[in-house]
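Visitor: Got a predicted model here, sequence first, then my questions.
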Amino acid sequence: MSEGERGKPKLRLVRPSETRERADVLPSVATYPSGSFAGLFDLSGRNALIVGGGGGIGGAITHALADYGARIAVADLDRSAAAAIATSCQRNGLPEPIAEELDVTEPRMVANVVAQVDAEMGSIDILINSAGIQIRRPVIDYTPEEFKQIIDVNLAGVFFVTQSVARGMLARGFGRIVTLALFPACSAIRFTRRMRRQRAASRS
Ligand SMILES: NC(=O)c1ccc[n+]([C@@H]2O[C@H](COP(=O)([O-])OP(=O)(O)OC[C@H]3O[C@@H](n4cnc5c(N)ncnc54)[C@H](O)[C@@H]3O)[C@@H](O)[C@H]2O)c1
């Protein structure tokens, strides 16, 4: 079985007419063989790299992937946050999680870290792009440097990491890439007085 085939869920839709047991079910209702969903999220044998895994959402995703059996590598600008998440993701029977310091805006560093993680784990089957920054004030007030910083991390950084990891995935014929983004990336929102108050309250 090829790597590509292995990644496909083994779900088979069963029409009620095919099964005696479900003869009572309305013809329009589909059923699935018992146990179909049990292995759907089984990631044992898979290796996952979570970039920005030291953060809130990235950290939660890292825990979820570990719970489903994936071997974990966390890379983050904040080395100690990456190390803390990696340590807390150690699961029985799985190799020790890897923690790497990474600045996604540095293409050479990205290439080195991806190569290192790839070599240590044997492959990167799952990539989560969760590194990101926000500058929480009206865009009308952004300085050129702040705008450039956002583009460097949230756009160029995602590209460098994805390109670097995708090369190995293409060569192996298998890979899953998930990139996180915030809704306002696609649609402007009004920065209201209520939001200012909420932000101020959450900081105090
Ligand atoms: N918080 C939300 O409400 C929300 C909702 C939807 C999507 N998102 C998106 O999900 C992603 C993660 O959000 P979060 O809430 O976990 O943010 P977070 O700030 O908790 O985590 C982001 C992580 O990215 C890391 N990082 C920043 N710059 C980096 C760089 N140059 N190189 C490597 N790592 C870097 C940070 O150290 C941090 O650990 C972001 O892209 C965010 O826009 C957030």
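Guide: That came through, no problem.
Visitor: centroid residue for the protein?
Guide: Residue closest to the mean C-alpha point of the chain, counted by Cα atoms, centre = their mean, is Ile128 at 2.4 Å.
Visitor: Which element, helix or strand, includes that one?
Guide: According to DSSP states H and E, Ile128 maps onto strand 126-129.
Visitor: Tell me the buried residues in stretch 63-79?
Guide: His63, Leu65, Ala66, Ala70, Arg71, Ile72, Ala73, Val74, Ala75, Asp76, Leu77 (16 or more other Cβ atoms under 10 Å). The way it works is simple: take the backbone N, C-alpha and C, and place the C-beta from them, glycine included.
Visitor: for that stretch, what is the average pLDDT?
Guide: In this model, stretch 63-79 carries a mean pLDDT of 96.
Visitor: Equivalent analysis for stretch 149-160, please.
Guide: Per-region confidence: stretch 149-160 scores 97 on mean pLDDT.
Visitor: so how far is the first residue of it from its last?
Guide: Taking Cα to Cα, to the nearest Å, stretch 149-160 runs 15 Å from one end to the other.
Visitor: Give me the contact list for that stretch.
Guide: When contacts are defined by Cβ atoms under 8 Å, 6 or more residues apart in numbering, stretch 149-160 is touched by residues 104-107, 110, 129, 131-135, 142, 179, 181, 185.
Visitor: anything in it near the ligand?
Guide: Yes - applying Cβ under 6 Å from any ligand atom, one finds stretch 149-160 touching the ligand at Val153, Gly157.
Visitor: again, but for stretch 105-120
Guide: Yes - against the ligand, stretch 105-120 shows contacts by Cβ under 6 Å from any ligand atom at Thr105.
Visitor: Can you mark which positions in that stretch are buried?
Guide: Neighbour counts over stretch 105-120 (16+ other Cβ under 10 Å) mark Thr105, Pro107, Met109, Val110, Val113, Val114, Val117, Asp118 as buried.
Visitor: Ok, stretch 44-56 next?
Guide: By neighbour count with 16+ other Cβ under 10 Å, stretch 44-56 contains the buried residues Arg46, Asn47, Ala48, Leu49, Ile50, Val51, Gly52, Gly53, Gly54, Gly55.
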